[in-house]
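1. next comes the sequence, and after it the predicted model I'd like to discuss.
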Amino acid sequence: MPAERAGYTVTMFLVDISPSMGKTRPVSVAGPDGKNAQTIEMTNLEWSLQYAMLKIQEMIFNGRKTDKCGVILFGSKETNNIINEENGGYENVSEYIPVAHPNAATLAKLQALEPSTVAGDPIDALIVAIETQDRFLGNKKTWTRKICILTDGENLMEVEDWEATVAKMNALGIQLTVVGVDFDDKSRQYEDKSDIKRVNEAFYQGLEAKLEHGAVGNCDHVLSEIALPDVREVKSTMTGNVLRIGDTEGRPNEAVEIMIKTSKATALARPKGFKKFARRKRTAEEEVEAAERMDEDEAEDIMTFAQLHMRSEYYLEDDKADASAPRSANGGADDDAEAQAERDKRLVKVEKEELVRGYKYGASFVPAPDGEFPKLPVRKGMDLCGFFPNKYFRRELAMGEVYYVWADPASPMQQVALSSIVQAMENEHVLAIARWIKTDKGEPRMGVLAPYAFEEIDCLLWVQMPFADDVRNFTFASLQTLINKKGEVVKEHPYLPTDKQLDAMADFVDAMDLMDAGEKDEEGYRKQWFDTRDSYNPAIHRTKQALFHAAIVQDINTHPLPPPHEELTKYFDPPRRVLKRARSAIQECKRSFNVRKVPKKVARVRKDEHVRAHDEDDETILLDRQGPGRAGPSQSPTQSRVLAQSQSHSQRQTSPMHTQKKPSGNDSDSSHTEPEDEEEDEEEELLLDAKHRPEPTAPLPTPARSLSPDPRIGRNREPGRIIGFTYPLADFRKNIAQGDVITKAVEDLGYVIKEVTIRPFSSRRHGEMVKCMHELRKVSLEEDEIDAWNDFIRELKDTCLKSKPGNKEFWDDVRSFGRPLSLISQPEARKAGGKSTISESEAQKFIQD
């Protein structure tokens, strides 16, 4: 079906309110948590009305005044329609809501509908809807006409002369949709049906076949389809303009003018904006009414809310403001209450008409008395400036929306002229540079014209491009060439990837290829996984779903918002097939680049000195490279560390130009750094400059806490590890308490245990390592790191029994504990809420062998 014209649509909803629509049915809806489904009872009428209310809510959401609808009931006790008033007949058909732009009252009226006690004929309602719609539109032939019937098909209907009705609908171009309750469809066949319903359903199928635009669907199916995110294609209004080639004023004989029409090819979509409301203060009359309600012992108190509107007021501050106004005691950051009140008194309100618009230019403002600067003397039209090969087109510079440029539909000569230009550009593989001014003295916009050929018509596509002043070129150092301070090209550095790292990343990129990760086609070949045409903006469609849902349900607490449609979230996560294929490549990248999760550092402030506390993960600034003789004779290592930290902090405050920059590349190992002696001299000059360096006899600053040795210092951690060899169990418990490095902590503790067991004199620490294993297994089971524990215990067994030098004595100690230190089996994992592929017998056999 071709794209519809935006708006300019009249939809007639024909609602069956016969007694059969009062039957109740179980309907599955989202639970109070919005996820777990629950079943509620509702009538067939309430269920089918959801479709009509969602359609009407979409009209309200779009906000187009040319989107109109009307509601006609059949099966009502009263008769109220234009045909009955003029010619009689057509009983029990009532025009419930006249044709108009819908609003909140329209939805409220639909929600108030209840089944009646008499049956109605849908064919009578259809004829009334056709006549009502035709009289409303009159000669508006360009408007779209739609009719939707909501019924269960359980009542008799007169089907004589229905062919004439079909001919009338085809002549008017009416689109008919029949939403049937428990109608058969391709996915489901309903066996328990009455004979009347089967006959009526067959009639609707035959009616659909005779119509040019008709559809019959099951209510359950259409409600699921209407929740599907959809990008609606609409027609854009065409605007007249002129395409000029050459100087039509100076050299009219050498110039060409082609009359054109422009329309939008794409349009930017944004989420619907929200309006702010606040509780309104009661008036005197409302206070009296509230008091009367309290006297009547009414428990419910009515709250009145009003929409908030933005209002701007302009004030001018007196130039003679006293700069010596009293300040608060917190460093002068805020005025005290008296100074603030005094300053408010000096503000003078100024009307907007007394102000002049100005534009900021550097540190000053340039006034524009008329509100804007004089416009350029340009003419309306699109001027073609030149051509260039399409291979030089920089797609990343395209801005804004794309427009169609058509030849004038009423002039064949103009169409031939534009088509010749399009075909010539297509044959020469060139694009055109064009300047577009929509109105006389309007803002000129530069853009690119590209040829585009439909099946029966040629056109141009125009997209705006930036001016030279709008493009900023930012230079930065090369990512491939690194030069040191001596002017030499560095071949090995943490900033430069190695060949192994490049190969690992290339394998990872190849493994994550999505071009063959989709479903299989008819020939058995896999299609691409991602398609931009099926990728929807969650911000737009989820907001729209929430608004629609709140509009059609009575109580949001009993009918919470259902989860988003699966089509909206299908691109949130990469396909499992690709993840499985890339698993080995990911692990290789982690090993090659030494990837690890960095624990979050929390800045702690000392009470007295306001100096950031030293974190055990912070790199020691200078003393790691400082020889023993550089500290004063009376300074302990801890005191030297505090002094260096305090001085570096003070220097950062007073001299921002002297800062230390250290590489933070993929591997901070010392093997990738420059020679030790040169680097320590440079850093000493940067961090302990002569003018900031204290005299040798100067006393040390009084510390905020005891300078006794910190037991955390010297935990003997390897680079990239968060668990040290000195106190592994304490380190592990500390990191687990943080809660965000559990996986890394489990991995590093397993590494420490394996390393300790193969070191000389490891028998002294067998008991400690067994305690670590008990704690590691407990955390792995509780935090769903079951696979990590099972992999660790297998590797530990191989390390102790198969590798050299090994440690059979330690594994015998582990085996003596039996099942509590074996593999985590399926029953154990299930109790803890996790998963395991190990059976209980495998776990028993593993620890016994």
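-> Sure, I can see it. Numbers count the residues shown, from 1 in each chain.
2. for stretch 801-818, buried residues please.
-> Within stretch 801-818, the residues scored as buried using 16 or more other C-beta atoms under 10 Å are 807, 810-811, 813-815. No exception for glycine: its C-beta is placed from N, CA and C like everyone else's.
3. and the pLDDT for the residue nearest to residue 389 when sequence neighbours are not counted?
-> Among residues not flanking residue 389 along the chain, residue 430 sits closest, at 5.8 Å (C-beta to C-beta, 6 or more residues apart in numbering). Note for residue 430: predicted pLDDT of 96.
4. swap in residue 135?
-> Here, the pLDDT recorded for residue 135 equals 91.
5. and if you look at residue 208?
-> Residue 208 carries a pLDDT score of 89 in this model.
6. what's the helix or strand for it?
-> helix 195-210 (DSSP states H and E).
7. pull the contacting residues for residue 582.
-> Contact analysis of residue 582 by C-beta atoms under 8 Å, 6 or more residues apart in numbering lists 508, 511-512.
8. now, those that are in helices?
-> If you go by DSSP state H, the contacts of residue 582 have 508, 511 in helices.
9. same for the helix holding residue 208, what does it pack against?
-> Helix 195-210 sits against helix 162-172, strand 174-180, strand 214-218, with contacts defined as 3 or more C-beta pairs under 8 Å, 6 or more residues apart in numbering; DSSP states H and E.
10. swap in 7 Å and give it another go.
-> Other helices and strands packing on helix 195-210, by 3 or more C-beta pairs under 7 Å, 6 or more residues apart in numbering; DSSP states H and E, are strand 174-180, strand 214-218.
11. among the ones you listed, which is the most enclosed?
-> Per-stretch averages of neighbours, counted by mean count of other C-beta atoms under 10 Å, single out strand 174-180 among those, with a mean of 23.
12. that strand pairs with which strands, and in what direction?
-> Here strand 174-180 is paired, per DSSP bridges, with strand 144-151 (parallel), strand 214-218 (parallel).
13. tell me how many other residues crowd the residue nearest to residue 389.
-> Residues within reach of residue 430, counting by other C-beta atoms under 10 Å, total 19.
14. tell me the contacts of it?
-> Residue 430 is in contact with 387-390, counting by C-beta atoms under 7 Å, 6 or more residues apart in numbering.
15. mind listing which of the residues you listed are in strands?
-> With strands taken from DSSP state E, the overlap with the contacts of residue 430 comprises 387-389.
16. who wins on neighbours among those?
-> Neighbour counts for those, by other C-beta under 10 Å, peak at residue 387, which reaches 14 neighbours.
17. now that one, which residues is it bridged with?
-> Beta-bridge partners of residue 387, as defined by DSSP bridges: residue 432.
18. where along the stretch 351-500 of the chain do the strands fall?
-> Remark: strands assigned in the stretch 351-500 of the chain by DSSP state E, counting those that start in this stretch are 358-361, 364-367, 381-389, 399-407, 430-437, 445-453, 458-464, 482-483, 489-490.
19. could you export these as JSON lines, including distance to residue 418?
-> Shown next, in JSON lines, are the strands of the stretch 351-500 of the chain (distance: least, C-beta to C-beta, whole Å):
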{"stretch": "strand 358-361", "distance to residue 418": "40"}
{"stretch": "strand 364-367", "distance to residue 418": "43"}
{"stretch": "strand 381-389", "distance to residue 418": "11"}
{"stretch": "strand 399-407", "distance to residue 418": "4"}
{"stretch": "strand 430-437", "distance to residue 418": "12"}
{"stretch": "strand 445-453", "distance to residue 418": "10"}
{"stretch": "strand 458-464", "distance to residue 418": "7"}
{"stretch": "strand 482-483", "distance to residue 418": "54"}
{"stretch": "strand 489-490", "distance to residue 418": "56"}
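20. out of these, which gets nearest to residue 558?
-> Among these, the nearest to residue 558 by C-beta to C-beta is strand 399-407 (42.9 Å).
21. which strands or helices does the closest one pack on?
-> In terms of contacts (3+ C-beta pairs under 7 Å, 6+ apart), strand 399-407 is packed against strand 256-264, helix 412-428, strand 458-464.
22. what's the most buried one of these?
-> Highest mean neighbour count of these: strand 458-464, a mean of 21 (counted as mean count of other C-beta under 10 Å).
23. next, the angle from that one to strand 445-453.
-> Computed with axes from the mean of the first three to the mean of the last three C-alpha atoms, to 10 degrees, the direction of strand 458-464 lies at 150 degrees from that of strand 445-453.
24. next one: strand 458-464 to chain centre, how far?
-> From the chain centre to the centre of strand 458-464 is a distance of 30 Å (C-alpha atoms, centre = their mean, to the nearest Å).
25. each with direction, which strands does that strand pair with?
-> According to DSSP bridges, strand 458-464 has the following sheet partners: strand 399-407 (antiparallel), strand 445-453 (antiparallel).
26. now these in JSON lines, with mean pLDDT, mean neighbour count and distance to residue 38?
-> JSON lines is the format used below for the strands paired with strand 458-464 (pLDDT from 0 to 100; neighbours: other C-beta atoms under 10 Å; distance: least, C-beta to C-beta, whole Å):
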{"stretch": "strand 399-407", "mean pLDDT": "93", "mean neighbour count": "18", "distance to residue 38": "44"}
{"stretch": "strand 445-453", "mean pLDDT": "95", "mean neighbour count": "19", "distance to residue 38": "52"}
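27. now render those as JSON lines, adding distance to residue 581.
-> Converted to JSON lines, these look like this (distance: least, C-beta to C-beta, whole Å):
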{"stretch": "strand 399-407", "distance to residue 581": "37"}
{"stretch": "strand 445-453", "distance to residue 581": "38"}
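28. among these, which comes closest to residue 377?
-> Per C-beta to C-beta, nearest to residue 377 of the strands paired with strand 458-464: strand 445-453, 16.4 Å.
29. how far does the closest one sit from its chain's centre?
-> Taking C-alpha atoms, centre = their mean, the mean C-alpha location of strand 445-453 is offset from the chain mean by 31 Å.
30. with just CA atoms, put it into PDB.
-> The C-alpha trace of strand 445-453 is given here as PDB (Å, rounded to 0.1, in the frame of the first residue of the first chain):
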ATOM      1  CA  ARG A 445      21.900  26.500   2.900                       C
ATOM      2  CA  MET A 446      24.500  24.600   1.000                       C
ATOM      3  CA  GLY A 447      24.000  21.000   0.100                       C
ATOM      4  CA  VAL A 448      24.600  18.100  -2.300                       C
ATOM      5  CA  LEU A 449      22.200  16.800  -5.000                       C
ATOM      6  CA  ALA A 450      22.300  13.100  -5.800                       C
ATOM      7  CA  PRO A 451      20.500  11.500  -8.700                       C
ATOM      8  CA  TYR A 452      17.900   8.900  -7.900                       C
ATOM      9  CA  ALA A 453      15.700   6.900 -10.300                       C
END
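31. so that strand versus strand 381-389, what angle?
-> The directions of strand 445-453 and strand 381-389 differ by 70 degrees, with the same axes, to 10 degrees as the criterion.
32. mind starting the numbering at 28 from now?
-> In the new count, where the first residue is 28, that last one comes out as strand 472-480.
33. now strand 472-480 against helix 439-455, angle please.
-> Relative orientation of strand 472-480 versus helix 439-455 (the same axes, to 10 degrees): 90 degrees.
34. next, the angle from strand 472-480 to strand 457-464.
-> 130 degrees.
35. which residues are contacting strand 472-480?
-> Outside strand 472-480, the residues that touch it by C-beta under 7 Å, 6+ apart are 420, 432, 449, 452-453, 458-463, 486-492, 494.
36. just to revisit the earlier point, could you dump the ones in strands among the contacts of residue 457 to JSON lines with pLDDT and distance to residue 241?
-> Below are those laid out as JSON lines (pLDDT from 0 to 100; distance: C-beta to C-beta, whole Å):
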{"residue": "414", "pLDDT": "95", "distance to residue 241": "49"}
{"residue": "415", "pLDDT": "95", "distance to residue 241": "50"}
{"residue": "416", "pLDDT": "95", "distance to residue 241": "50"}
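37. pick the one among those residues closest to residue 379.
-> Nearest to residue 379 among the ones in strands among the contacts of residue 457 is residue 415, at 47.5 Å by C-beta to C-beta.
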